[in-house]
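>>> coords please:
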Amino acid sequence: MDPVTDSLNEVHRRLSGLRDGQVADYIPQLATADPDDFGIALVSMAGHTYRAGRTDTPFTVQSVSKPFVYALALSDLGPAEVLRRVGAEPSGNPFNAISLERDTGRPANPMINAGAIATTALVRADGPAERFRRILACLSAFAGRPLDVDEDVYASEAATGDRNRALAYLMHSAGSLRADPEETADTYFRQCSVRVTVVDLAVMAATLANGGRNPVTGVQAVAEPDAVRVLAVMATCGMYDGAGEWLLDVGLPAKSGVSGGLIAASPARFGIAVHSPPLDGSGNPVRAVAALGEMSERFGLHIMHGPGLRATTVTGAERFERDGRAIGVVTAQGILEFTEFEALVHAVGEVTPSAPGWMVVDLTAVTGVLPGPAAGLAAVLDDLADRGHRAAVAAQETFIEAGEGRPRTWEMFRTREEALSWCTRA
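Predicted coordinates:
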C-alpha cells in the first residue's frame, strides 16, 4: 500500500483531461513534444521516490537548469560577487525580456534568460568546453546519475537563439558580461539541452530541499547556504511574471521550463517535479501548475504555513504476540503533515503482521492531521482490511474518516489500552 503514489495518481487522473495551453514552438524541436505527456514524481528526504503517469519520457531541462547553475556559480564565487553581477529582484517581465539595470546592465535575477546567461558565464573554467563540462557534472550530481545532451534540441536552439545572443551582446556592451557573448550563448544553449526525466528533476529538487545533499545518493552537490539562497530566489523569481500569484497560491520555491518541466521544493520535506508540455501565457506548464496547487493545499505545503514546533513523529513501532495473536502497534505524536505522514506509513508497513493479524495505530498524542494525510491514512487502513488484517485507531478526535461511499474498515477507540484489549478479544 502506497498512499503517496495513490495521491499522485489521483491528481494525475483528474488533470489528464486538462487541455489548456500550447506546446512551445519558437524552438522548432520542442514543437514535436506530445501534448499528452504528463508525469509527476516526488522524492522525499528519506530518498523514497513516488511517481504517477509518464515518468520515463526524456525531455530537455531548459530553464529548469537555471537554479542549479546559479548554485554552481555561488559555490565558485560566493554570494557577494554573484550578486554584484546578477541581481535577485523579481523582474515582473516575461522570461526573455530585456530586464537589465540602467547604467550597469546587470540582469534582474538569475531565473530570467538574461540573468541565466550571465550566471553561466560566471562558472569558473579555462574555456567554454570546461565550463560546460562542469555545468553538466553539476546537473548530474543533483540528479544522482550521469546526464547527457539532446543534440537535436541543441542544434535547434542554436539555430533560433538570436534573442538570447542579443541579450548576451547587450550585457557585454554594458560591461556586465565579460565573457565572449557567442561562446556564452552557445554554452547556455547546451545547458538548456541537457536531457532529463521527471524523476531526475524530482531528485534535483529534493537535493535543494535537503540543503544541497542528494537524498538518494548522499552526495553533497552544493553547500547548504548556497541551496538556501537558490531556494529564496526560486520563491520570488522562479515563475517569471507569474511568480507573485504562484507564491500566494502555492507557496513553494519553484522553477519552470518551456519544455514543460516544473520543479518545486518543500524544504526539509521533499522535491516534486511535473512534466507536461502545454504552457500558459507566462511560459509555465498548465497541468503542472494545477497539480502543484492541489498538492500544496492537500498537504499544507505553503512555506508561510506555521506547523509549530516539530518533534519526532513516530515514537513507537513494535510487533508482538499476545494470547496467540500477532499484533502490530505504531504510536505517533504532534501534527501529521507530509513528512510525518510518510514516516508513519513506513512504520505501519514495517510492523504489520506477515499473516492476517491485528494492527493498532495510536494517535492519542496527535494534535492535528491535514486533509491529505487523513485521506492517506484512511487508504492505508482500507488496504489492511483488504489484506485480511483487523485494524484499530486510538485517538482523542476523529481525525480519519472513511472514503466517500465506503464503510469504515477500522475500529475507533479513545485509548491505546482499549484498542489493545479489542485486539485480544475481537
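
>>> contacts and neighbour counts: CA atoms only from here.
Fine.

>>> give me the element T207 is part of.
helix 198-209 (DSSP states H and E).

>>> Now do the helix or strand following that helix and helix 198-209, the angle between them.
The helix or strand immediately downstream of helix 198-209 is helix 224-237, counting by DSSP H and E. Angle of helix 224-237 versus helix 198-209, following axes from the mean of the first three to the mean of the last three C-alpha atoms, to 10 degrees, is 110 degrees.

>>> Helix 224-237: how far from the chain's middle?
Relative to its parent chain, helix 224-237 has a centroid offset of 14 Å by C-alpha atoms, centre = their mean, to the nearest Å.

>>> cool, and stretch 143-162?
On C-alpha atoms, centre = their mean, the centre of stretch 143-162 falls 23 Å from the chain's centre.

>>> just stretch 372-390 next, same as before
Worked out by C-alpha atoms, centre = their mean, stretch 372-390 lies 26 Å from the chain centre.

>>> list the buried ones in it?
Going by neighbour count (16 or more other C-alpha atoms under 10 Å), the buried part of stretch 372-390 is 372-385, 389-390.

>>> just stretch 399-414 next, same as before
Buried-residue list, stretch 399-414, by 16+ other C-alpha under 10 Å: 399-400, 402, 408-410, 412-414.

>>> and if you look at stretch 239-255?
239-244, 246-247, 250-255.

>>> what's the closest of the residues you listed to P277?
K255 (14.4 Å; C-alpha to C-alpha).

>>> Got the phi and psi for the closest residue to A108 other than its chain neighbours?
Spatial nearest neighbour of A108, chain neighbours left out: G87 (4.7 Å); criterion: C-alpha to C-alpha, 6 or more residues apart in numbering. G87 adopts backbone torsions of phi -70, psi -180, taken as degrees, to the nearest 10.

>>> is it true that G87 touches P110?
Yes: using C-alpha atoms under 8 Å, G87 makes contact with P110 at a distance of 7.1 Å.

>>> Can you mark which positions in stretch 48-59 are buried?
Those would be 49-55, 58-59, for stretch 48-59 by 16+ other C-alpha under 10 Å.

>>> end-to-end on that stretch?
23 Å (C-alpha to C-alpha, to the nearest Å).

>>> contact partners of it?
4-5, 8-9, 12, 37-43, 195-199, 216, 259 (C-alpha atoms under 8 Å, 6 or more residues apart in numbering).

>>> So which of those residues are in helices?
Judged by DSSP state H, helices contain the following of the contacts of stretch 48-59: 4-5, 8-9, 12, 198-199.

>>> which one of those is nearest F299?
V4 (10.8 Å).

>>> quick one: the residue nearest to A108 from F59, how far?
From G87 to F59 the distance is 29 Å (C-alpha to C-alpha).

>>> Kindly report the same for D103.
38 Å.

>>> With L252 instead?
23 Å.

>>> L122 now?
Separation of L122 from F59 (C-alpha to C-alpha): 26 Å.

>>> try V23
13 Å.

>>> Find the residues that touch each one of the two.
S259.

>>> could I get the helix holding T207 in PDB with only the CA atoms?
Extracted in PDB, the C-alpha atoms of helix 198-209 (Å, rounded to 0.1, in the frame of the first residue of the first chain):
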ATOM      1  CA  VAL A 198      10.700  14.000 -14.500                       C
ATOM      2  CA  VAL A 199      12.200  11.600 -11.900                       C
ATOM      3  CA  ASP A 200      15.600  13.200 -12.400                       C
ATOM      4  CA  LEU A 201      14.000  16.600 -11.800                       C
ATOM      5  CA  ALA A 202      12.300  15.400  -8.600                       C
ATOM      6  CA  VAL A 203      15.700  14.200  -7.300                       C
ATOM      7  CA  MET A 204      17.300  17.500  -8.200                       C
ATOM      8  CA  ALA A 205      14.500  19.500  -6.400                       C
ATOM      9  CA  ALA A 206      14.800  17.200  -3.400                       C
ATOM     10  CA  THR A 207      18.500  17.900  -3.300                       C
ATOM     11  CA  LEU A 208      17.800  21.600  -2.900                       C
ATOM     12  CA  ALA A 209      15.200  20.900  -0.300                       C
END
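
>>> Any idea how many residues pack against I303?
16 (other C-alpha atoms under 10 Å).

>>> Wait, it touches D249, no?
No: taking contacts as C-alpha under 8 Å, I303 lies outside contact range of D249: 10.8 Å.

>>> Can you report phi and psi for the closest residue to D34 other than its chain neighbours?
Closest residue to D34 apart from its sequence neighbours, by C-alpha to C-alpha, 6+ apart: P277 at 7.2 Å. Note on P277: backbone dihedrals following degrees, to the nearest 10 are phi -60, psi -40.

>>> For P277, give me its contacts.
Contacts of P277 (C-alpha under 8 Å, 6+ apart): 22-24, 33-38, 258-261, 285.

>>> To which secondary structure element is the residue nearest to P28 when sequence neighbours are not counted assigned?
With C-alpha to C-alpha, 6+ apart as the criterion, P28 has its nearest non-adjacent residue at 6.3 Å, and that residue is S156. Element membership for S156, per DSSP H and E: helix 151-160.

>>> so what does that helix touch, helix or strand wise?
Secondary-structure packing of helix 151-160 (3 or more C-alpha pairs under 8 Å, 6 or more residues apart in numbering; DSSP states H and E): helix 181-192.

>>> Report the rounded mean pLDDT for the helix it packs on.
Averaged across helix 181-192, the pLDDT comes to 97.
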